[in-house]
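In: here is a sequence together with a model predicted from it:
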Amino acid sequence: MGNPVLVTWVDITSCDAAWMSLEEAAEYAPSPIQTVGWIVEENEDYIVLIGSYSTEEDDRVCGSVCAIPRSVIESMEVLKMFGEKI
């Protein structure tokens, strides 16, 4: 597995909890999000990150899977692993 990445992207913001004024609704904007993980799939439309994975060769499982469309990604930064020289 390569180094993890920090992905900064924009997600929808919504509220279905109660009625609100049109002025309050007009203040809603997309939310900036940051996700850290390892890229397991990457194509021209989206990337797939995982937040954790088993290092056992005969038990290749992962968790915290997140597929992010490239159209909402603002930046991706490759992170250094613990103990890796700067």
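Out: Nice, I can see it.

In: beta partners for the residue positioned nearest the centre of the chain?
Out: The centre of the chain sits closest to T35, judged by Cα atoms, centre = their mean, with a distance of 3.7 Å. For T35, the beta-bridge partners are V7 (DSSP bridges).

In: just the strands in this structure please.
Out: Assigned by DSSP state E, the chain shows strands spanning 5-11, 31-42, 46-50, 52-53, 62-63, 66-69, 73-78.

In: can you redo these as TSV with distance to W19 and mean pLDDT?
Out: Quick note: C-beta positions are derived from backbone N, CA and C, even for glycine. Below are those laid out as TSV (distance: least, Cβ to Cβ, whole Å; pLDDT from 0 to 100):
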stretch	distance to W19	mean pLDDT
strand 5-11	23	98
strand 31-42	22	97
strand 46-50	35	98
strand 52-53	40	94
strand 62-63	38	96
strand 66-69	31	98
strand 73-78	32	97
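
In: can you say which of these is nearest to A18?
Out: Closest to A18 of the strands of the chain is strand 31-42 (Cβ to Cβ; 19.0 Å).

In: and A29, what is it in contact with?
Out: Taking Cβ atoms under 8 Å, 6 or more residues apart in numbering as the criterion, A29 is in contact with T13.

In: could you check how far it is from T13?
Out: Going from A29 to T13 by Cβ to Cβ, to the nearest Å gives 6 Å.

In: W19 now?
Out: Separation of W19 from T13 (Cβ to Cβ): 17 Å.
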